[in-house]
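Undergrad: Take a look and give me a structure for this.
(4 chains)
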There are 2 protein chains.
Amino acid sequence: MNVKSIPRPDYEEELRKAGIRITRPRRVILNILSETEGHPDALEIFHRAAAIDGSISLSTVYRTMKLLEGMGAIHRHAFEGGPSRFEQAGGGHHDHLIDIETGDVIEFKSDRIEQLQDEIARALGYDIVHHRLELYGRKRKRG
Amino acid sequence: MNVKSIPRPDYEEELRKAGIRITRPRRVILNILSETEGHPDALEIFHRAAAIDGSISLSTVYRTMKLLEGMGAIHRHAFEGGPSRFEQAGGGHHDHLIDIETGDVIEFKSDRIEQLQDEIARALGYDIVHHRLELYGRKRKRG
DNA sequence: AATGCAATTGCAAATCGTTTGCAACACGAG
DNA sequence: CTCGTGTTGCAAACGATTTGCAATTGCATT
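TA: Predicted structure coming up:
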């Protein structure tokens, strides 16, 4: 079910196409992102990057994330409580279920819910620009 | 449709019952909350409170909101971008549509969506503890 | 009404996640 | 290889919120 099959995105190519320089720090961060399946926060990315190149700064991680976010290459999620967490774009839209005990994030998608949201917004005289649906729960003990 | 009919809650009574002292700052804040329909943030509450009693501090506003939140008397919402906004509890559960141009918040409720959320969580092996559904949109130009 | 003390306050300083100013530096077009 | 601009690391600034502390106050008690 939750098996992702996102093709490793070629962020470098994307950046180049957008006329943005490929620097050493960016390359390191980009590689980390493309081989990461989960929803890491800036600190996690920074630590992994620092392990590869100790001179990379947290600022640069933040700046790079903001850059990629602006390009639409990644999404930023501000789940309750913690820092922003990032995920590769390109996997198609989905919502999130957060395990409040472990922080694990499970992705899911419901066309029916999306449709209902549209109907509600329409009924209220609005067009949805984007939305946020997060379920916070804990693993059920007995199935 | 969006006509609220929440009876002015008697926060003072609630606090007293919980064995919590009624102080002058708290009384002022409580009154402001009970006569406020919208979703004010701490700063707004602070300003209104300061207009009544200039010695009230922002810290006290935050402390009081946290107290009320802990008692379940109010809810805190961290909408995208801005500071936390508060609303009286007791109006029954609902979700929010945020006008991204004005910041206005419209409440709505969909049993169908709630039900679908439960089904999804269940299918993933989880029990929902709480959830967050926020629609961000702009007013439609032509109906 | 006066007493006593824990709860509460205001203030300033601390916190957390994130952004920014700046001078040094390094891409990559030429 | 040179040059100009984009990027960097650093430290300081940021906005929202919380906290330590000494001074104050509510209120149960006399």
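
Undergrad: Grab the longest strand from chain A for me.
TA: Selection of the longest strand in chain A by residue count, based on DSSP state E, yields strand A:126-139.

Undergrad: Tell me the bridge partners for the residue nearest to the spatial centre of chain A.
TA: Geometric centre of chain A, nearest residue: residue A:87, 2.0 Å, by Cα atoms, centre = their mean. Under the criterion DSSP bridges, residue A:87 forms beta bridges with residue A:75.

Undergrad: where does chain A come near chain B, residue by residue?
TA: Within chain A, the positions near chain B by Cβ under 8 Å from any Cβ of the partner chain are A:78, A:80, A:97, A:99-100, A:106, A:108, A:110, A:112-113, A:116-117, A:120-122, A:124-140, A:143. Heads up, the C-betas are built off the backbone N, CA and C, glycines and all.

Undergrad: among those residues, which ones are buried?
TA: By neighbour count, with 16 or more other Cβ atoms under 10 Å in any protein chain shown, these hold A:97, A:99-100, A:106, A:108, A:110, A:113, A:117, A:120-121, A:124, A:126, A:128, A:131-138 as buried.

Undergrad: Tell me the helices and strands packed up against the helix or strand in which residue A:116 is found.
TA: Applying DSSP states H and E as the criterion places residue A:116 in helix A:111-123. If you count contacts as 3 or more Cβ pairs under 8 Å, 6 or more residues apart in numbering or on different chains; DSSP states H and E, helix A:111-123 packs onto strand A:126-139, helix B:111-123, strand B:126-139.

Undergrad: re earlier: pLDDT at the residue nearest to the centre of chain A, what is it?
TA: Looking at residue A:87, its pLDDT is 96.

Undergrad: interface residues of chain A facing DNA strand C?
TA: A:16, A:21-24, A:41-42, A:58-59, A:62-63, A:65-66, A:78, A:82-84 (Cβ under 7 Å from any atom of the strand).

Undergrad: Are any of those residues buried, and if so which?
TA: Among the residues of chain A next to DNA strand C, the ones that count as buried by 16+ other Cβ under 10 Å are A:41-42, A:65.

Undergrad: Which one of these is nearest to DNA strand D?
TA: residue A:65 (10.9 Å; Cβ to the nearest atom of the strand).

Undergrad: Provide the secondary structure category for the closest one.
TA: Put simply, residue A:65 is helix when judged by DSSP: H, G, I helix; E, B strand; the rest coil.

Undergrad: who's in contact with the nearest residue to it once chain neighbours are set aside?
TA: With Cβ to Cβ, 6 or more residues apart in numbering or on different chains as the criterion, residue A:65 has its nearest non-adjacent residue at 5.9 Å, and that residue is residue A:86. Neighbouring residues of residue A:86 by Cβ atoms under 8 Å, 6 or more residues apart in numbering or on different chains: A:33, A:39-42, A:45, A:65, A:69, A:74-77.

Undergrad: Just the buried residues out of those residues, in ChimeraX syntax.
TA: Only the buried entries of these go into this ChimeraX selection, using 16+ other Cβ under 10 Å:
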select /A:33,39,40,41,42,45,65,74,75,77
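
Undergrad: so which of the contacts of residue A:86 comes closest to DNA strand C?
TA: residue A:42 (4.4 Å).

Undergrad: Just confirm the closest one contacts residue A:83, I think it does.
TA: Yes: between residue A:42 and residue A:83 there is a contact under Cβ atoms under 8 Å: 6.4 Å.

Undergrad: Tell me how far the worst-scoring helix or strand of chain A on mean pLDDT lies from the chain's centre.
TA: The weakest-scoring helix or strand in chain A, judged by mean pLDDT, DSSP states H and E, is helix A:11-17 (a mean of 82). Between the centre of helix A:11-17 and the centre of its chain there are 18 Å (Cα atoms, centre = their mean, to the nearest Å).

Undergrad: Any residue of it touching DNA strand D?
TA: No: on the criterion Cβ under 7 Å from any atom of the strand, helix A:11-17 is out of touch with DNA strand D, staying 7.8 Å away.

Undergrad: how about residue A:64, what does it touch?
TA: Taking Cβ under 8 Å, 6+ apart as the test, what residue A:64 contacts is A:25-26, A:29-30.

Undergrad: and whichever residue of chain A sits closest to DNA strand D, how many neighbours does it have?
TA: Nearest to DNA strand D, among the residues of chain A, is residue A:60, at 3.0 Å (Cβ to the nearest atom of the strand). Residues lying near residue A:60 (other Cβ atoms under 10 Å in any protein chain shown) number 17.
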